[in-house]
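1. One predicted model, sequence on top.
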Amino acid sequence: MGLDEEQQRRMKGRYCLLLACKDSEYVMKMYGGYMNVFVTTFGEEGETWDLFRVVDGEFPDMSDIHKYDGFVVSGSPHDAYANDYWILKLCFLLNTLDSMKKKVLGICFGHQVLCRALGGKVGKSSSGWDIGVRKVKISCGSDDSMPMPLPELSIIECHQDEILEIPMGVEVVGVSDKTGVEIFRKERHVLGIQGHPEYTIDILHNLIDRLLSNNCIQESFAEAVRLQLETTEPDRMYWVKICNLFLKGDDVITNLFDY
């Protein structure tokens, strides 16, 4: 007897995007919104992806969260250490997901707010903005089953906040010359990435333009980043594989960085 469409979707996986930012005009015009950026990057045919705009107060019902195989928390222009109601509510949700051992992938702001929810500390970076493509050195931590040595992987960055203190039970598995916690994980169900594996170079160029027009960065800084982007590419396919192995892989510990 064949499986109906709903059964097939469940077998393929159901995922939840917790969107912590507004759709920019550029992303709406070019991609149809950040939801499409994430699903195009991480989604596979047959999967179900649901969107909750947490920045606007939209959250999944607590009685429904058990239905999801994984959650992704997006980046945001907001501070992960702020006490806006939606941020506090997001922290509560993430703490609940951690207690349920649900897989949660945090990206940029998502990485930071996930750390906060677990008991860590987030704040402004003492060295200022990190914008552009940066090399991240991935370490194996205490797990001898991972292959060594691991290479440096380049990723798009756009942040001025960072993790200052990690929570108990969390392991740092990625660092850069700019940021001390580029990647962290907790057991098999939590992964935080400071960079943006979902971003493309054109999205970053538009972000630079907007930051410049809002006087968040100086023209000389923006020009230096643009020059770097002419000769540097992120290792996007590897980051996507890392994220998908985490969200959908059977053996995260041994396979997460085995590409």
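-> Yep, it's here. Numbering: from 1, shown residues only.
2. helices and strands of this structure: which one bottoms out on pLDDT?
-> Least confident element among the helices and strands of the chain, by mean pLDDT, DSSP states H and E: helix 252-255 (a mean of 46).
3. Show me the shaky parts of the protein.
-> Across the chain, the ranges flagged by pLDDT under 70 are 1-11, 140-150, 250-259.
4. Please enumerate the helices of it.
-> Shown for the chain, the helices assigned by DSSP state H span residues 5-12, 25-31, 34-42, 85-99, 109-117, 201-213, 219-231, 236-248, 252-255.
5. so of those, which one's packed in deepest?
-> Highest mean neighbour count among the helices of the chain (mean count of other Cβ atoms under 10 Å): helix 109-117, with a mean of 27. (Glycine included, C-beta is placed from N, CA and C.)
6. what's that one packed up against?
-> Secondary-structure packing of helix 109-117 (3 or more Cβ pairs under 8 Å, 6 or more residues apart in numbering; DSSP states H and E): strand 70-73, helix 85-99, strand 103-107, strand 121-124, strand 161-165, strand 190-193.
7. Any buried residues in the fifth one, and which?
-> Applying a neighbour-count criterion of 16 or more other Cβ atoms under 10 Å, the buried positions in strand 161-165 are Asp161, Glu162, Ile163, Leu164.
8. Not counting its own residues, what contacts that strand?
-> With Cβ atoms under 8 Å, 6 or more residues apart in numbering as the test, strand 161-165 has contacts from 79-81, 109, 111-112, 115, 120-125, 179-181, 184, 192, 194.
9. That strand pairs with which strands?
-> Sheet pairing for strand 161-165, assigned by DSSP bridges, gives strand 121-124 (antiparallel).
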